[in-house]
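Undergrad: Sequence plus the predicted model coming up.
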Amino acid sequence: MKVPLDRSSLERRQVWVYAAAIVVGLALGSRASGAGTVAEALLWPTLGLLLYATFLQVPLLDLATAWRDRRFTAAVVVGNFIVMPLVVWAMVPVLPDDPGVRLGVLLVLLVPCTDWVISFTQMAGGDVARAIAVTPVNLVLQLMLLPVYLMVMAREEVAGLVTVDVAASALGVVVLPLIAAVLTEKWLDARQRGHAIRERWAWAPVPLLATVMFLIATAQVHAVLGALAVLPLVAPVFVAFLVAAGLTAKALAMVFTLPVSQARTLAFGLGTRNSFLVLPIALSLPQGFDVAAIVVVMQSLVELLGMIVFVWLVPIAFARSSNDAPR
């Protein structure tokens, strides 16, 4: 009997969708002359559409909601913008000397996720409402603090890279979808069917990200194949980051005395990263830094595999007790 595909089933299988997209893209880019040129032309508009679909899932107009639970929001802010950046900074000395690799790792590990965190929180029995409420805080703070983190941790790598052209390309592909999403949210809030429309758009990120990965693999086939040697060097760093995120969530949950559902949410909030947001920045870097975008894609795949483990492990590590009452 054929089981209909729902969104949660698609999200649970997304890592295999992305892996297949990369393999097909590499095959096409290697065999079809001219495919890379077409893929490169399609990449930026597809990436913009992906960011629009992602931002549309973030309650951008309801920033004040997160501060209604100050304890949980404080734990998220401390974890994502103080503790985890310090963890990443401590990892810098073990990163490869290649500036493109180092910059790619820093870009993707310094920005917390605003979309996958909600799906995985739901799978692990976390507090989805709070995961949604805190996403605008994460988005605003990461946009403000990422340049600061990079100047402190990677001054040599970013010195001279931030030209007007690079900044305009990266900001344009991020800011325009963000503005479009805000305007769409206002439009949807004024209509009765707004929720249904938003739900339909919630299907879009997985196929759109698969398309982006396919286009990157097709357009930059030689860069991707050349970067495969980097995977054994950076994958352990990404795994170590996930372990540190889980331990940090456990410690902060104790410090802030969070109930189990919020502690689980915090674990996914610290472990998932916003690769969608930094991918345009990585792709905007000048020639010689092509590997940065590949590193961002690699981190996404490692993270998704790690989330399969998190979905199983987090409910065990943050188990409910008879004294645990919702707050």
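TA: Structure's in. What do you need? Numbers count the residues shown, from 1 in each chain.
Undergrad: Quick one: list the elements packing against the one helix or strand residue 27 maps to.
TA: Assessed by DSSP states H and E, residue 27 sits inside helix 14-31. On a contact count with 3 or more CB pairs under 8 Å, 6 or more residues apart in numbering; DSSP states H and E, helix 14-31 meets helix 35-55, helix 205-219, helix 221-227, helix 291-317. Every residue, glycine included, has its C-beta placed from N, CA and C.
Undergrad: residues touching residue 67, list them.
TA: Counting by CB atoms under 8 Å, 6 or more residues apart in numbering, residue 67 touches residue 73.
Undergrad: Which of the three states applies to it?
TA: Assigned with DSSP: H, G, I helix; E, B strand; the rest coil, residue 67 falls in the helix class.
Undergrad: Can you give me the pLDDT of it?
TA: Note for residue 67: predicted pLDDT of 72.
Undergrad: quick check: angle from the helix holding residue 27 to helix 291-317?
TA: Inter-element angle recorded for helix 14-31 and helix 291-317: 160 degrees (by axes from the mean of the first three to the mean of the last three CA atoms, to 10 degrees).
Undergrad: What residues of helix 14-31 count as buried?
TA: For helix 14-31, burial by neighbour count (16 or more other CB atoms under 10 Å) applies to 14-15, 17-18, 21-22, 25-26, 28-29.
Undergrad: what's next to it, contact-wise?
TA: Among residues not part of helix 14-31, those counted as contacts by CB under 8 Å, 6+ apart are 10, 35-36, 39, 206-207, 209-211, 213-221, 224-225, 297, 300-301, 304-305, 308.
Undergrad: Kindly recompute the last result at 7 Å.
TA: 35-36, 206, 209-210, 213-215, 217-219, 221, 224, 301, 304-305 (CB atoms under 7 Å, 6 or more residues apart in numbering).
Undergrad: That helix vs helix 35-55, what angle?
TA: Counting by the same axes, to 10 degrees, helix 14-31 points 160 degrees away from the direction of helix 35-55.
Undergrad: same question for helix 14-31, mean pLDDT?
TA: For helix 14-31, mean pLDDT rounds to 90.
Undergrad: Distance from the chain centre to it, please.
TA: Offset of helix 14-31 from its chain centre (CA atoms, centre = their mean, to the nearest Å): 20 Å.
Undergrad: and if you look at stretch 68-82?
TA: Centre-to-centre, stretch 68-82 and its host chain are 18 Å apart (CA atoms, centre = their mean).
Undergrad: Buried residues, that stretch. List them.
TA: By neighbour count on 16+ other CB under 10 Å, the buried set for stretch 68-82 is 69, 72-73, 75-77, 79-81.
Undergrad: among the residues you listed, which are in helices?
TA: Among the buried residues of stretch 68-82, the ones falling in helices (DSSP state H) are 72-73, 75-77.
Undergrad: of these, closest to residue 146?
TA: Of all these, residue 146 sits closest to residue 77, with 14.9 Å by CB to CB.
Undergrad: list the contacts for the residue nearest the centre of the chain?
TA: What sits nearest the mean C-alpha location of the chain, by CA atoms, centre = their mean, is residue 274, with 2.2 Å. For residue 274, the contact set (CB under 7 Å, 6+ apart) comprises 111-114, 142.
Undergrad: Can you read off the pLDDT for it?
TA: 90.
Undergrad: Kindly report the same for the one 10 residues further on.
TA: According to the per-residue confidence, residue 284 scores 82 in pLDDT.
Undergrad: picking that back up, what two of the buried residues of helix 14-31 are the furthest from one another?
TA: Using CB to CB, these span at most 22.0 Å, a distance reached by 14 and 29.
Undergrad: which element is the closest residue to residue 91 other than its chain neighbours on?
TA: Computed as CB to CB, 6 or more residues apart in numbering, the closest residue to residue 91 that is not its neighbour in sequence is residue 237, at 5.6 Å. Taking DSSP H and E as the criterion, residue 237 maps to helix 231-255.
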